[in-house]
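Undergrad: Next one to model:
(2 chains)
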Amino acid sequence: MSEAAATPTPQTEPVSAPLTPAREVWLHFRQNKGAMIGMYFIIALVIVAILADLLAPHSPIVQYREALLVPPVFQDGGSWRFILGTDDIGRDILSRLIHGARLSIIIGFIVVFLSLGFGVVLGLSAAFARGTVEILIMRLMDIMLALPSLLLAIVIVAILGPGLFNAMIAVSIVSLPHFTRLARASAMSELTREYVSSARIAGAGTLRLMFRTVLPNCMAPLIVQATLGFSNAILDAAALGFLGLGAQPPTPEWGTMLAGSLQYVQRAWWVVTFPGLAILLTVLAFNLMGDGLRDALDPKLKR
Amino acid sequence: MTVVMEAKGVRRYYEVKKGMLAKAATVRAVDGVSFTLEAGRTLAIVGESGCGKSSLARVLAMLEPPSDGELLIDGLPTLAPEADRRVALRRAVQMVFQNPYGSLNPRHTVGRILEEPLEINTDLSRDQRAEAARAILARVGLRPEAYGRYPHMFSGGQRQRIAIARALMLKPRVVIADEPVSALDISIQGQILNLLMDLQEELRLAYIFVSHDLGVVHHIADEVMVMYLGRPVEHGETGLLFDRPAHPYTRALLGSRPRIQTGANKIPRKTLSGELPSPLRPPPGCAFHQRCTFATELCKRDRPELRQVEGRAVACHHAETVLGGAD
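TA: Next up, the predicted model:
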């Protein structure tokens, strides 16, 4: 042997354990204050959603006939019994919001799961197959993008019939093109890299190339889109609920709550404000976290 | 000697669309390459950028099928209709890429990168695979800790060692190295070349060594094939070609090599003028005639075929004149 064996590795070792990619992302993410606030809010929301049955002081659908439109505790006439007041048929708003958090998290999760899953499969198929398959998939996505998303969702719900689950399907379909385009674009740029060729030489089949070689390298933009998609899903589902096409009463869904109490805006501000605020804060938290993730995951924005 | 790889008139064409209405043009990236490669030997393919050496490497690595011609491995055609035989042949040829920063999957640990070929092609258990990966890491001169680390934690030279280790996992007979050292520092280049040569001796590997660095080629290759615009223009033993080039292009390549002149066997320094012609519109006759000092009317008209001249194959009408040393 020659000097090849003599100098196998450099003498200098990195400080302690080397950084795994995930740890590196976390270090960057942690520096972003807004993103951290968003993340804490989301964690709190998830805990509230999980423990809804324990945390809520009342059942979300019980009507207290003796306490219609009771104002929140900090206003004249309010009481600790109904901390955020009651609505027009005497249901406790705080309890409804807490249970609504559970619904919103489930909606966001299912919608993102469906649209990310199908979007990745369609996008990777388009990037790998090229030719006619790609044209078919991508033009279909273009057509879907050309229609206003809420309008398209309304059409789909109109076809499927109103209801929370159908609303989720509609919102998933509407957000599908974003995931598909993103997955295709990043897969196509990864496909030109040499590690893909070397996996081919190792004998990897198409499915293995798609999901084990290429997909992990496309995850960064998809994770960001998924976080932002979460807030879009909550917002769209609330909009559908507001229009009466999503969750049906008495389900304590935030958008439905807004819609049901519109006529009391003048008389009882709390009935409209608190569900609206819940939607606003949740969406804002997800957007903040999504932005932070994008900065942390995109190597071009580092340093 | 056993012939492990044989190319018979391998061609690789690409269709290039020039617009919606224009007819697709054909790029003849590789236009008729033939050679035989024996176990334990190294064939270097040299030429300037765009001459088709990387396209040829991709065809030889079975990443792309040849548009025409035949590629035989161990005497068996690679375009065999039986899928299982193609898979078996694929294992025999592995590749080391030019850029060690792009050829290792950034999301996989070194262990996983090394084990992937075994996972796909063999039914070894997880422990056996890990053992094989660790053994090969030691063989290419990396520490055992490398096993669990990610590629970005290594320097270029170390990454190239990992890439070489991966190419060896399936115990191939032919390794195609596409400019394996051109992205590395000079000092690291030497280490990697020596590693490649040691491994060749030990495992009786045959190398296809694609390069534009003639110093490296002189060091490692047994045979050299010089390519110009997709065609081989000269092919012979390394010593012979380096000492007495018979093709004006080989001569110009050697003349452009930076080196210390020692007086004896001095090749007059002659640089080429002009650019490589577009492979979309190759010039008629000899593709090199526009840049050649020996060119005559004959060269503009007739394309020279490869012929045997003093122990090597050369595609030039005036090979004897070139060898005669007249300038």
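
Undergrad: Now do the same contact list for A:R200.
TA: Contact partners of A:R200, counting by CB atoms under 8 Å, 6 or more residues apart in numbering or on different chains, are A:L209, B:L63. Every residue, glycine included, has its C-beta placed from N, CA and C.

Undergrad: In three-state terms, label it for me.
TA: Assigned by DSSP: H, G, I helix; E, B strand; the rest coil, the conformation of A:R200 is helix.

Undergrad: Please apply the same query to the one 10 residues further on.
TA: The three-state assignment at A:M210 reads helix, by three-state DSSP.

Undergrad: for B:L37, same thing?
TA: strand.

Undergrad: What about it, how many residues nearby?
TA: Residues lying near B:L37 (other CB atoms under 10 Å in any protein chain shown) number 22.

Undergrad: secondary structure element for A:C218?
TA: helix A:215-242 (DSSP states H and E).

Undergrad: quick check, that helix touching chain B?
TA: Yes. Judged by CB under 8 Å from any CB of the partner chain, helix A:215-242 and chain B are in contact via A:P216, A:N217.

Undergrad: Now do that helix, average pLDDT.
TA: For helix A:215-242, mean pLDDT is 88.

Undergrad: Nearest to chain A within the stretch 201-327 of chain B, name that residue for me.
TA: B:E202 (10.0 Å; CB to the nearest CB).

Undergrad: just to revisit the earlier point, could I get the helix or strand that comes right after the helix holding A:C218 in PDB with only the CA atoms?
TA: Counting by DSSP H and E, the next helix or strand C-terminal to helix A:215-242 is helix A:254-260. Listed next in PDB are the C-alpha coordinates belonging to helix A:254-260 (Å, rounded to 0.1, in the frame of the first residue of the first chain):
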ATOM      1  CA  TRP A 254     -65.300  27.300  14.500                       C
ATOM      2  CA  GLY A 255     -66.600  28.400  11.100                       C
ATOM      3  CA  THR A 256     -70.100  27.000  11.800                       C
ATOM      4  CA  MET A 257     -70.100  28.900  15.100                       C
ATOM      5  CA  LEU A 258     -69.300  32.100  13.300                       C
ATOM      6  CA  ALA A 259     -72.100  31.600  10.800                       C
ATOM      7  CA  GLY A 260     -74.700  30.700  13.400                       C
END
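
Undergrad: Give me the contacts around helix A:254-260.
TA: The contact list for helix A:254-260 (CB under 8 Å, 6+ apart) reads A:87-88, A:93, A:96-97, A:100, A:103-104, A:234, A:237-244, A:246-249, A:272, A:275-276, A:278-279.

Undergrad: swap the cut-off to 6 Å and go again
TA: Under the contact criterion CB atoms under 6 Å, 6 or more residues apart in numbering or on different chains, helix A:254-260 has outside partners A:G100, A:A238, A:G241, A:F242, A:A247, A:P275, A:A278, A:I279.

Undergrad: do stretch B:181-190 as well
TA: Under CB under 6 Å, 6+ apart, the answer for stretch B:181-190 is B:Q98, B:N99, B:G156, B:G157, B:I192.

Undergrad: Look at the last one and say how many residues are nearby.
TA: Using other CB under 10 Å, B:I192 has 25 other residues around it.

Undergrad: Name the residues of chain B found near chain A, please.
TA: Proximity of chain B to chain A (CB under 6 Å from any CB of the partner chain) is limited to residues B:61, B:63, B:90, B:95, B:97, B:102-105, B:107, B:116-117, B:120-121, B:141-143, B:153, B:191, B:194-195.

Undergrad: Spit out the contact partners of A:S261.
TA: So A:S261 contacts A:D87, A:V271, A:V272 (CB under 6 Å, 6+ apart).

Undergrad: how far away is the closest residue to it other than its chain neighbours from B:A24?
TA: Excluding the flanking residues, the one nearest A:S261 by CB to CB, 6 or more residues apart in numbering or on different chains is A:V271, at 3.9 Å. For A:V271, the distance to B:A24 equals 67 Å [CB to CB, to the nearest Å].

Undergrad: How about B:P144?
TA: From B:P144 to B:A24 the distance is 52 Å (CB to CB).

Undergrad: again with A:R193
TA: According to CB to CB, A:R193 stands 27 Å off from B:A24.

Undergrad: Between these two, which has more neighbouring residues?
TA: When neighbours are counted by other CB under 10 Å, A:R193 and B:A24 differ, and A:R193 comes out ahead with 20 against 10.

Undergrad: ok, now which ones touch that one?
TA: B:G102.

Undergrad: Please report the distance of it from B:A61.
TA: When A:R193 is compared with B:A61 (using CB to CB), they lie 16 Å apart.

Undergrad: Contact partners for A:A67?
TA: A:T86, A:G90.

Undergrad: For the helix or strand that contains A:S197, what does the pLDDT average out to?
TA: Using DSSP H and E, A:S197 maps to helix A:194-201. Helix A:194-201 shows a mean pLDDT of 90.

Undergrad: so where does B:S54 fall, helix or strand?
TA: Secondary structure from DSSP H and E places B:S54 in helix B:53-60.

Undergrad: Need the contact partners of that helix.
TA: B:10, B:12, B:29-30, B:33, B:45, B:47, B:64, B:66, B:176, B:178, B:208, B:210, B:227.

Undergrad: Now tell me what touches the next helix or strand after that helix from outside.
TA: Downstream of helix B:53-60, the next assigned helix or strand under DSSP H and E is strand B:68-73. Residues outside strand B:68-73 that contact it (CB under 6 Å, 6+ apart) are B:M5, B:E6, B:A7, B:K8, B:G9, B:V10, B:R11, B:P77, B:T78, B:L89, B:A92.

Undergrad: same thing but at 8 Å, please
TA: For strand B:68-73, contacts defined as CB under 8 Å, 6+ apart pick out B:4-11, B:13, B:32-34, B:59-60, B:62, B:77-79, B:89, B:92-93, B:173-174.

Undergrad: Pull the distance from that strand to the chain's centre.
TA: 16 Å (CA atoms, centre = their mean, to the nearest Å).

Undergrad: likewise stretch B:313-327?
TA: For stretch B:313-327, the distance to the chain centre is 25 Å (CA atoms, centre = their mean).

Undergrad: Average pLDDT for the longest helix along chain B, rounded please.
TA: For chain B, the longest helix by residue count, based on DSSP state H, is helix B:186-203. For helix B:186-203, mean pLDDT rounds to 91.

Undergrad: coming back round to it: weed out the non-buried ones from the residues of chain B next to chain A.
TA: B:61, B:63, B:90, B:95, B:97, B:102-105, B:107, B:116-117, B:120-121, B:141-142, B:153, B:191, B:194-195 (16 or more other CB atoms under 10 Å in any protein chain shown).

Undergrad: May I have stretch B:200-212 exported as CSV, CA atoms only?
TA: These are the backbone C-alpha positions of stretch B:200-212, laid out as CSV (Å, rounded to 0.1, in the frame of the first residue of the first chain):
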residue,chain,number,x,y,z
GLN,B,200,-7.3,-3.2,-9.3
GLU,B,201,-4.3,-5.4,-8.5
GLU,B,202,-6.0,-7.1,-5.6
LEU,B,203,-9.4,-7.7,-7.2
ARG,B,204,-8.4,-8.0,-10.8
LEU,B,205,-10.7,-5.2,-11.7
ALA,B,206,-11.0,-3.8,-15.2
TYR,B,207,-11.3,0.0,-15.3
ILE,B,208,-12.8,2.3,-17.9
PHE,B,209,-11.2,5.5,-16.9
VAL,B,210,-12.8,8.6,-18.4
SER,B,211,-10.6,11.7,-18.1
HIS,B,212,-9.3,14.8,-19.7
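
Undergrad: contacting residues around it?
TA: Stretch B:200-212 is contacted by residues B:4-5, B:37-49, B:53-54, B:56-57, B:60, B:168, B:171-182, B:196, B:199, B:217, B:220-221 when judged by CB under 8 Å, 6+ apart.
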